[in-house]
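J.: I would like to see how this sequence folds:
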Amino acid sequence: MKNINSGIRPHYARMICGMLYLVLCLCYGTALGQTPAAAPQQAPQPPPLPPLEDLKVPAGFTISVFASDLAGARLMAVSPDGVLYVARQSKGEVVALPDRDRDNRADRVEVVASGLTRPHSLAFRGDYLYIATNPAVLRMRYAKGKIEGLPEKFIDLPVSTTSHWTRSIAFGPDGKFYVSIGSSCNSCEEQDTIRTTIMRYNADGTGGRPFAKGLRNAIGFDWDPRTKALWADDMGQDKLGDEKPPDEINRIEEGKHYGWPYFVGRNEPNPDLKDAKATVTASEVVPPALELEPHSSPIDLRFYTGRQFPPEYRNQMFVALHGSSSRSEKIGYKVVRVLMKDNRPVGIEDFVSGWLKDGKVSGRPAGLAVGADGALYISDDNKGFIYRIS
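T.: Modelled structure (predicted):
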């Protein structure tokens, strides 16, 4: 076969090769012999907005999304400079959500602590941010609107690897530090005497002792701003059927026992422990101040202390019902207002509902916080939204 280049002079051949080289460089955007640049990556798409049209609030109120992409968001606290902080259990971190431009949307997500073991609850006091994790309460320096340094241990706590790992914290009107510690099981007699209690410590973490006992898992607690009375929710145990036992709202008083594990509901003997020798009698324990639907799973409990809501909603108790996990028909998945008469709870009414529709769940409310702006903020640890009710 005849060589196709036999009739082409060498300098023309070099010219043609050079032109082909330039064409290839223009096509690939790089010099031959080098790795072509990677194709530009598309920016991650924000998570879809929740079906806000399905969420119902009372007339005159508005619900919006303050922040998103925060799966595992549990309890919250507002810093002295008005920034919302959120404990992210699934990520092991605490984040700040500033809204400097005051457009009712978080400007960004700032991670202020990471590598934590199941952070669940937060509190600000003086120069510190306090963080309740599974093995301990930690604290970090807070100064001039910034979190500084690394977490340091404040109080050791019992470790839970299965049931009821949450630890909730708050400073009371008396300046003392309160910690709620749930049971280690579904139904059992605890060997550790600080489990199933709300503990009270001095402000410096010393002098801890049980303030109240017999609380299976009192995750949410808060003080009535008018009477200074302490209130807490409590989760009833599982595996006693769909309709037993009720979840609870309790008026917490120092030195009182609230029945668990020996009694459930209105001081009925616990059928799971019928052979156990109870250390208290039915007449010695405090029945629920209000019974909630069984397995509705109350998480946070907060009094609304802002001024933005109408007068009839101010100083009222709100509870986040996380939703049932051991029931044949789903219930809960809403935030309710507890109706009071003569300083006693007499019922509940829906405040935000719609996360459960036709048996399908679009969110699980967990934490509640009253913002510096007077709005009520709700964390959804399932879909990762922080809602703002104004």
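J.: OK, contacts around residue 80?
T.: Residues in contact with residue 80 (CB atoms under 8 Å, 6 or more residues apart in numbering) are 124, 142. Where you see a C-beta, it was placed from the backbone N, CA and C, and this is true even at glycine.
J.: pLDDT score for it?
T.: If you check residue 80, the pLDDT there is 96.
J.: What of residue 99?
T.: 97.
J.: Ok, residue 43 next?
T.: So, for residue 43, pLDDT stands at 45.
J.: what residue ranges in this structure score low on pLDDT?
T.: Applying pLDDT under 70 to the chain flags the ranges 1-51, 161-162.
J.: switch the cut-off to 80
T.: Applying pLDDT under 80 to the chain picks out residues 1-51, 160-163, 325.
J.: what's the domain layout of it?
T.: 1-34, 49-389 (automatic domain parsing).
J.: Comparing these, which comes out most buried?
T.: domain 49-389 (a mean of 18; mean count of other CB atoms under 10 Å).
J.: Could you look up the SS state of the residue nearest the centre of the chain?
T.: What sits nearest the mean C-alpha location of the chain, by CA atoms, centre = their mean, is residue 74, with 0.9 Å. Three-state assignment for residue 74 (DSSP: H, G, I helix; E, B strand; the rest coil): strand.
J.: who touches it in this structure?
T.: By CB under 8 Å, 6+ apart, residue 74 lies in contact with 86-89, 119-121, 166, 299, 366-367, 379, 381.
J.: cool, residue 67 as well?
T.: Shown in contact with residue 67 (CB under 8 Å, 6+ apart): 97, 105, 106, 109, 385, 386.
J.: if you set the cut-off to 6 Å instead, what comes out?
T.: 97, 106, 386 (CB atoms under 6 Å, 6 or more residues apart in numbering).
J.: Residue 205 too?
T.: With CB under 6 Å, 6+ apart, residue 205 has these contacts: 154, 155.
J.: do you know how far it is from residue 104?
T.: The spacing between residue 205 and residue 104, counted by CB to CB, to the nearest Å, is 37 Å.
J.: repeat for residue 219
T.: As judged by CB to CB, residue 219 and residue 104 stand 28 Å apart.
J.: just residue 351 next, same as before
T.: Counting by CB to CB - residue 351 and residue 104 are separated by 19 Å.
J.: can you check residue 146 too?
T.: 23 Å.
J.: all helices in the chain, in order from the N-terminus.
T.: Secondary structure of the chain (DSSP state H): helices at 10-28.
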